[in-house]
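In: quick one, what's the 3D model for this:
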Amino acid sequence: MELFYSDDIDFSCCRLDAEESAHCVRVLRHRVGDTIHVIDGEGTLLTCRLTDDNPRGAEAAILERQAHWGAHPYRLTVGCCPTKNNDRFEWFVEKATEVGIDRIVPLIGEHSERKVYKPERARRIALSATKQSLKARIPEIAEPVSVKEFIAGETPGQAGGAVMPGPDRASLRLIAYCFEDAEHPRTSIKEALSSFQGTDVTVLIGPEGDFSPQEAALALRCGYIPVHLGPSRLRTETAALTAVQAVYLAFLP
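Out: A predicted model of the protein is given here:
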């Protein structure tokens with residue numbers, strides 16, 4: 001199935017931008033009367049009939065709408081520190097989108113080698129991966145934020161007063177780090193997910209130098225559960241994708 005994306009949709013018609021129109025008309029040679037499939041990026045698949053095959057601005061009449069097309073039964077946010085090599089982080093964005101993710105937040109940690117990150121290219125990669133993997137919802141690629149700001153912003157109430165989430169809570173917050181903490185022993189991400197009954201999961205993945213002890217301590221105070229991803233030493237982008245796959249597999253019927 002070929003998918004096109006449009007953010008210019010009304011009740012009966014959708015319009016493709018110049019890039020999508022050129023791909024539809026010039027590359028794939030669709031003509032007026034052809035049936036095409038368009039996603040709105042918000043989870044809806046549109047079955048359409050091409051009414052204008054202008055390669056700079058194609059238009060199509062909407063025949064059918066399918067909500068939640070290609071959706072997964074969970075909501076996953078991964079806060080991950082971008083790698084020094086930008087290609088590796090973009091690889092993670094692509095593969096995580098293919099597997100199933102809702103939100104990727106680039107984090108700037110105290111140990112991050114990359115202190116500046118521009119998400120525009122990652123957003124284009126996420127769009128392409130969404131279409132390739134037959135999904136209708138494009139994951140959000142958020143603006144970069146510091147690890148501590150993210151933890152505080154994602155936690156209800158004040159940063160120091162959250163209650164540790166239990167298996168019957170609607171949301172699960174996990175932080176994967178490398179160092180051992182006798183006071184807060186890590187569990188495997190598989191075990192943490194196996195006892196969770198909700199659908200909203202957040203996972204934090206640190207930079208090449210791991211989270212700082214202060215960042216990890218703040219996360220624990222805010223209700224994050226410390227987890228490990230197995231005995232192998234993983235690169236940042238591999239660890240982040242492993243976490244995405246663990247959530248995906250945990251929710252398989």
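
In: for the nearest residue to P119 once chain neighbours are set aside, name its beta-bridge partners.
Out: Spatial nearest neighbour of P119, excluding adjacent residues (C-beta to C-beta, 6 or more residues apart in numbering): I141 at 4.6 Å. Every C-beta, even on glycine, is put in place using the N, C-alpha and C of the backbone. As for beta bridges, I141 partners with I104 under DSSP bridges.

In: residues near I141, how many?
Out: Using other C-beta atoms under 10 Å, I141 has 21 other residues around it.

In: go on, I189?
Out: 24.

In: from A18, how far off is it?
Out: Counting by C-beta to C-beta, to the nearest Å, the gap from I189 to A18 is 43 Å.

In: for E180, give me its contacts.
Out: The neighbours of E180, taking C-beta atoms under 8 Å, 6 or more residues apart in numbering as the test, are R186.

In: can you give me the helices in the stretch 1-150 of the chain?
Out: For the stretch 1-150 of the chain, applying DSSP state H, counting those that start in this stretch gives helices covering 18-22, 86-99, 120-132, 147-154.

In: which of these comes out lowest on mean pLDDT?
Out: Of all the helices of the stretch 1-150 of the chain, mean pLDDT reaches its minimum on helix 147-154 (a mean of 92).

In: now the stretch 151-253 of the chain, which segments are flagged as low pLDDT?
Out: Applying pLDDT under 70 to the stretch 151-253 of the chain picks out residues 155-169, 182.

In: all helices for it, in order.
Out: Under DSSP H, counting those that start in this stretch, the stretch 151-253 of the chain gives helices at 189-194, 213-221, 236-250.

In: in a markdown table: those helices, plus distance to L127.
Out: Below are the helices of the stretch 151-253 of the chain laid out as a markdown table (distance: least, C-beta to C-beta, whole Å):
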| stretch | distance to L127 |
| --- | --- |
| helix 189-194 | 28 |
| helix 213-221 | 31 |
| helix 236-250 | 18 |
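
In: most neighbours per residue, which of the ones you listed?
Out: helix 236-250 (a mean of 21; mean count of other C-beta atoms under 10 Å).

In: what's it in contact with?
Out: For helix 236-250, the external contacting residues (C-beta under 8 Å, 6+ apart) are 72, 74, 76, 78, 80-81, 83, 88-89, 91-92, 95-96, 99-101, 174, 176, 189-190, 193-194, 196, 201, 203, 205-208, 229-230, 234.

In: quick check: which of the helices of the stretch 151-253 of the chain is nearest to I9?
Out: helix 236-250 (28.8 Å; C-beta to C-beta).

In: that closest one vs helix 86-99, what angle?
Out: Orientation check (axes from the mean of the first three to the mean of the last three C-alpha atoms, to 10 degrees): helix 236-250 against helix 86-99 gives 10 degrees.

In: quick check: S212 vs T47, distance?
Out: Distance from S212 to T47, by C-beta to C-beta: 50 Å.

In: more crowded one of the two?
Out: With neighbours defined as other C-beta under 10 Å, S212 and T47 compare such that S212 has more, 18 against 14.

In: for that one, which non-adjacent residue is closest in space?
Out: For S212, the spatially nearest residue (C-beta to C-beta, 6+ apart) is E110, at 4.1 Å.

In: pretty sure the one you found contacts A217?
Out: No: if you go by C-beta atoms under 8 Å, E110 and A217 don't touch, sitting 11.9 Å apart.
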